[in-house]
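*Asks:* Kindly generate the corresponding structure for this input.
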Amino acid sequence: MQINDKSGVKEYLASSQRYESMTYNRTGKSGVLLPAISLGLWHNFGFVDNIQNGREVLRCAFDLGITHFDLANNYGPPFGSAEENFGTIFKKDFKNYRDELFIASKAGYDMWPGPYGNFGSRKYLISSIDQSLKRMGLDYVDIFYHHRPDPDTPLEETMGALADMVRQGKALYIGISNYQPKETQEAAAILKRLDVPFILHQARYSMLDRWVEDGLLNALNQNGVGCIAFSPLAQGMLTDKYLKGIPKDSRAAKDLTYLNVDTVTSNLEKVQLLNEIAQERGQKLSQMAIAWILRQPQVASVLIGASSTNQLKENVKALDNLSFSEDELKLIDKIVY
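*Replies:* Next up, the predicted model:
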């Protein structure tokens, strides 16, 4: 039964079939199973966005079996607003489902003014998780990541701060993001000595950006750590959005930091050829791009963003066809290299 809450929106009751179709993968050698597709709140959940739309996307995700929601202290804009909006939605819709959710946050990028609001000092990281928990209204997060390496702070200090978060009950597991293979090995060695559950590395990975294959996936495998891939659609290039040019309202047309006209133009022929393979597989290009990443045994989950429930549902359909023939994989390699 659904009744209206005080905002006039129907009270959320999760689908009783939410676990029937989602695929769950083990994260490294840990006990954690993650949905093959996870929802990232990097975009579409800040104060500049429609919170009701975000609420509908989160509800839809959980109904589809997506149990993992990924945030960071500086997601928005403005900084912190995605966590605050998530906290508002969590209190209304997901509080009764807390033990079914795997919630992540991170710190490492610029967050507040002054020398203590960035990178990897103990001062910054401990303050960050305390602020994140307050914004989201949570007692703990399931995993907390160091968002990027800090070239100046000793790695022992950064990893020690993460370890103390676990000991203090503020995080259940630890992760890192954007670390190179050598840095990952060093971090893993420290966390092993500290007896801290290090289970995930969040890395940028797509058919057009394969840096993780140059040593990182091997490093994760050696240390029993899983990979969760972000930007699987290369900021939208691996979708049907740019197949016929650059729409005026697109991210590339706005010349944003992570995507511009030159980047799209230089990859357009590759994207068009990849789209032909996807069509032969009976998939959209975006669906094939997600499936292609999930073929890697080290990858526990692919992290996607969604501006609408329809977009989310379309991407989850990638799980309908995860198999690739050797010929398909060779052809993809030939196109992208």
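
*Asks:* Looks to me like residue 116 is in a strand.
*Replies:* No. Secondary structure of residue 116 (DSSP: H, G, I helix; E, B strand; the rest coil): coil, not part of a strand.

*Asks:* Phi, psi for it please.
*Replies:* Main-chain torsions, residue 116, degrees, to the nearest 10: phi -110, psi 10.

*Asks:* Check the one 5 residues further on too.
*Replies:* For residue 121, the backbone dihedrals are phi -70, psi 160 (criterion: degrees, to the nearest 10).

*Asks:* Okay, strands next: where are they in the stretch 51-200 of the chain?
*Replies:* 68-70, 102-107, 141-146, 171-177, 198-204 (DSSP state E, counting those that start in this stretch).

*Asks:* Can you name every helix or strand that the fourth one contacts?
*Replies:* With contacts defined as 3 or more Cβ pairs under 8 Å, 6 or more residues apart in numbering; DSSP states H and E, the secondary structure elements packing on strand 171-177 are strand 102-107, strand 141-146, helix 155-167, helix 181-193, strand 198-204. (Glycine included, C-beta is placed from N, CA and C.)

*Asks:* again, only this time at 10 Å
*Replies:* With contacts taken as 3 or more Cβ pairs under 10 Å, 6 or more residues apart in numbering; DSSP states H and E, strand 171-177 sits against strand 102-107, helix 122-136, strand 141-146, helix 155-167, helix 181-193, strand 198-204, strand 226-230.

*Asks:* Let's have the ones you listed in CSV, adding mean neighbour count and mean pLDDT.
*Replies:* Supplementary listing: the helices and strands packed on strand 171-177 in CSV, determined by neighbours: other Cβ atoms under 10 Å; pLDDT from 0 to 100:
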stretch, mean neighbour count, mean pLDDT
strand 102-107, 25, 98
helix 122-136, 20, 98
strand 141-146, 24, 99
helix 155-167, 19, 98
helix 181-193, 17, 98
strand 198-204, 25, 98
strand 226-230, 24, 98
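
*Asks:* Spatially, what comes nearest to residue 100 if we skip its sequence neighbours?
*Replies:* The spatially closest residue to residue 100, leaving aside those adjacent along the chain, is residue 67, at 5.9 Å (Cβ to Cβ, 6 or more residues apart in numbering).

*Asks:* Who are the contact partners of residue 221?
*Replies:* 28-29, 227, 297-298 (Cβ atoms under 10 Å, 6 or more residues apart in numbering).

*Asks:* does it count as helix, strand or coil?
*Replies:* Per three-state DSSP, residue 221 ends up helix.

*Asks:* What confidence value was assigned to it?
*Replies:* The model reports residue 221 with a pLDDT of 97.

*Asks:* just residue 265 next, same as before
*Replies:* 89.

*Asks:* quick one: residue 227 and residue 218 touch, right?
*Replies:* No. Look at residue 227 against residue 218 with Cβ atoms under 10 Å: they stay out of range, at 11.1 Å.

*Asks:* shared neighbours of these two, which are they?
*Replies:* 212, 298.

*Asks:* ok, which stretches of the stretch 201-337 of the chain are helices?
*Replies:* 216-222, 261-280, 285-294, 309-316, 326-336 (DSSP state H, counting those that start in this stretch).

*Asks:* returning to that earlier point: okay if I get the helices and strands packed on strand 171-177 as JSON lines plus distance to residue 114?
*Replies:* Conversion of the helices and strands packed on strand 171-177 to JSON lines gives the following (distance: least, Cβ to Cβ, whole Å):
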{"stretch": "strand 102-107", "distance to residue 114": "15"}
{"stretch": "helix 122-136", "distance to residue 114": "10"}
{"stretch": "strand 141-146", "distance to residue 114": "19"}
{"stretch": "helix 155-167", "distance to residue 114": "18"}
{"stretch": "helix 181-193", "distance to residue 114": "26"}
{"stretch": "strand 198-204", "distance to residue 114": "26"}
{"stretch": "strand 226-230", "distance to residue 114": "28"}
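
*Asks:* between the ones you listed, which one is nearest to residue 90?
*Replies:* Closest to residue 90 of those is helix 122-136 (Cβ to Cβ; 6.4 Å).

*Asks:* Can I get the closest one in CSV, CA atoms only?
*Replies:* Extracted C-alpha coordinates of helix 122-136, given in CSV (Å, rounded to 0.1, in the frame of the first residue of the first chain):
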residue,chain,number,x,y,z
ARG,A,122,44.8,13.0,8.2
LYS,A,123,43.3,16.4,9.1
TYR,A,124,41.5,16.6,5.8
LEU,A,125,40.3,13.0,5.6
ILE,A,126,39.0,12.7,9.1
SER,A,127,37.2,16.1,8.8
SER,A,128,35.8,15.0,5.5
ILE,A,129,34.2,11.7,6.6
ASP,A,130,32.7,13.5,9.6
GLN,A,131,31.1,16.1,7.4
SER,A,132,29.9,13.5,4.8
LEU,A,133,28.2,11.5,7.5
LYS,A,134,26.5,14.6,8.9
ARG,A,135,25.3,15.7,5.4
MET,A,136,23.9,12.2,4.6
